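Enquirer: sequence first, predicted coordinates after that:
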Amino acid sequence: MKIPLAYLAALVASPLAVVVPAPVSAQEADPVLPPLQLRGGTPFAYCLTDTAAEALRGAGFTFDAVAPATLGTENGHQCMKATLENGQINTDLTGLTGSAKGGFALRKGGKRAEFAALQLRMKLDRTGTITAEHLGKRIDTLTTSGEGIKTSLTRVSAENTPVNLAPAAADALTAKFGTSPLSAGQQLFSGTAGFDVLQGVTGLPTGK
């Protein structure tokens, strides 16, 4: 008795169907996880550098805070102290955002320039841009380098990170006072912060 070829083919193919997995879609292979939230209410400080403080004094400017941020002193440096309102970090550590109420101001001769409602957007290389509300418009106010910044899926921190005056903010000071005590790109603050992640995940990058 001859066994039909089609039957033999079916016998051979059926075990393979068991051991060969079905194709996995791109979405299943590389799931997109939502960003992790940072713990709100965590304090941070932007402290004037010696050079910036000297430049402000020499040009007749007074440094101030915009509530609810406050003025303080750390290691002999005048600081703006604020708290993180909310923030989040991507699970692949490619970016971070954060916001805080209040900000800082410069005063001279009865005039005052305020930069408030700070918002940070940090990129993969850990450099960032901080925007603020100034005269009813949101402008690039500060930039940060990646120096002193560490990111992981459990904590984000900055220690003595250079925070520089953005060109748009330097232009805003010139428009307000006729001159800017600091040039665009010059370091204004050293930033110190430490934000915990509210929930963690496993099997993902831990950062540096």
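Expert: Okay, I see it. Numbers count the residues shown, from 1 in each chain.

Enquirer: OK, contacts around the spatially most central residue of the chain?
Expert: Compute the mean C-alpha point of the chain, and by CA atoms, centre = their mean the closest residue is M122, 3.8 Å away. Contacts for M122 (CB atoms under 8 Å, 6 or more residues apart in numbering) come out as 95-97, 128, 144, 149. From N, CA and C alone the C-beta is placed, and that goes for glycine too.

Enquirer: rerun that using 7 Å as the cut-off
Expert: For M122, the contacting residues are 95-96, 128, by CB atoms under 7 Å, 6 or more residues apart in numbering.

Enquirer: is it in a bridge, and if so with what?
Expert: L96, G128 (DSSP bridges).

Enquirer: so it versus A53, what's the distance?
Expert: Going from M122 to A53 by CB to CB, to the nearest Å gives 26 Å.

Enquirer: ok so, going back, of all the contacts of M122, which comes closest to A65?
Expert: A65 has its nearest neighbour among the contacts of M122 in G128, at 20.7 Å by CB to CB.

Enquirer: cross-check the contact I'm expecting between that closest one and R121.
Expert: Yes. The pair G128 and R121 qualifies as a contact (CB atoms under 7 Å) at a distance of 6.2 Å.

Enquirer: between those two, which is the more surrounded one?
Expert: Applying other CB atoms under 10 Å to G128 and R121 shows that G128 carries more neighbours, namely 23 against 14.

Enquirer: pLDDT averaged over stretch 107-118, what's the number?
Expert: Predicted confidence along stretch 107-118 averages 97 (mean pLDDT).

Enquirer: chain center to it: distance?
Expert: Put simply, stretch 107-118 sits 23 Å off its chain's centre (CA atoms, centre = their mean, to the nearest Å).

Enquirer: check stretch 77-87 too.
Expert: What separates the centre of stretch 77-87 from the centre of its chain is 13 Å, taken as CA atoms, centre = their mean.

Enquirer: same check, this time on stretch 137-146
Expert: Relative to the centre of its chain, stretch 137-146 is centred 10 Å away, using CA atoms, centre = their mean.

Enquirer: stretch 45-54 too?
Expert: A distance of 21 Å separates the C-alpha centroid of stretch 45-54 from that of its chain, computed with CA atoms, centre = their mean.

Enquirer: then stretch 76-86?
Expert: The gap between the average C-alpha position of stretch 76-86 and the chain average comes to 15 Å, counting by CA atoms, centre = their mean.

Enquirer: flag every buried residue along that stretch.
Expert: Of the residues in stretch 76-86, those with enough neighbours to count as buried (16 or more other CB atoms under 10 Å) are 77-82, 84-85.

Enquirer: quick one: which of the residues you listed is nearest D64?
Expert: For these, the closest approach to D64 (CB to CB) belongs to M80, at 8.6 Å.

Enquirer: pLDDT score for that closest one?
Expert: Turning to M80, the model gives it a pLDDT of 98.
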